[in-house]
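Engineer: Build me a model:
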Amino acid sequence: MVEDYKIDELDKKILSKLQKNGRKSFREIAKEVESTAVTVINRVEKMEDKGIIKGYTADIDYRKLGYHVVAAIELVVKGEHLKEIQERLEEHKNVTAIYKITGDTDILTIAKFKRREELGNFVVDFLLDSNMVNKTITHVAFDTFSEKHNIELTEEDITK
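Structural biologist: Next comes the predicted model:
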């Protein structure tokens with residue numbers, strides 16, 4: 001949690017409302033959390049300044065846009081290139097998540113593609129031919145049962 005900002009119950013309620021609908025007006029949120037619009041605006045601005053709220057985005061069903069190939073790709077990276085490959089992955093349009101992990105591999109990345117050929121090009125041309133990656137282990141999802149990008153905030157998430 002952010003050291004110099006303690007999230008209280010009102011912040012949690014505001015975050016929960018924004019997670020469900022980031023387009024909701026501050027006035028509507030204020031009414032739902034039993035506060036004033038000015039207070040909600042001030043709280044949101046403070047959470048933005050502290051990096052708790054990093055941005056706002058639409059929750060898109062990428063399958064409806066033709067992205068049917070979802071892959072989890074483990075990478076064994078040449079040690080001196082860990083930061084560089086991380087930055088390259090962050091810039092790639094198909095990558096949705098990048099994790100530094102424990103175990104026999106260094107990075108786990110999640111990416112979405114319209115066709116298997118695009119996945120193949122990503123793994124071979126973008127990753128392996130970069131001379132920064134020693135090995136990849138690619139897992140392709142057969143189907144998406146559930147996909148969510150937020151967790152529901154609970155009492156434990158509030159810093160006392």
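Engineer: Next one: the closest residue to R88 other than its chain neighbours, what pLDDT does it get?
Structural biologist: The spatial neighbour of R88 that comes closest, neighbours along the chain excluded (Cβ to Cβ, 6 or more residues apart in numbering), is S130 at 7.2 Å. In this view, the C-beta of every residue, glycine as well, is placed from N, C-alpha and C. In this model, S130 is scored at 89, pLDDT.
Engineer: swap in E147?
Structural biologist: pLDDT recorded at E147 is 86.
Engineer: Please, where are all the strands along the protein?
Structural biologist: Taking DSSP state E, the strands of the chain run over residues 69-77, 95-100, 107-113, 133-140.
Engineer: what's the closest of those strands to I41?
Structural biologist: Between I41 and the strands of the chain, the tightest spacing by Cβ to Cβ is seen for strand 95-100, at 30.6 Å.
Engineer: For the closest one, buried residues please.
Structural biologist: Using 16 or more other Cβ atoms under 10 Å as the burial criterion, the residues of strand 95-100 that qualify are 95, 98.
Engineer: still on that earlier bit, number of residues surrounding the residue nearest to R88?
Structural biologist: 14 (other Cβ atoms under 10 Å).
Engineer: Ok, R63 next?
Structural biologist: Around R63 there are 13 residues (other Cβ under 10 Å).
Engineer: per-residue pLDDT, it?
Structural biologist: 91.
Engineer: do K160 as well
Structural biologist: Each residue has a pLDDT score; the one for K160 is 46.
Engineer: ok so, going back, isn't the residue nearest to R88 right up against I85?
Structural biologist: Yes: assessed by Cβ atoms under 8 Å, S130 is found in contact with I85 at 7.1 Å.
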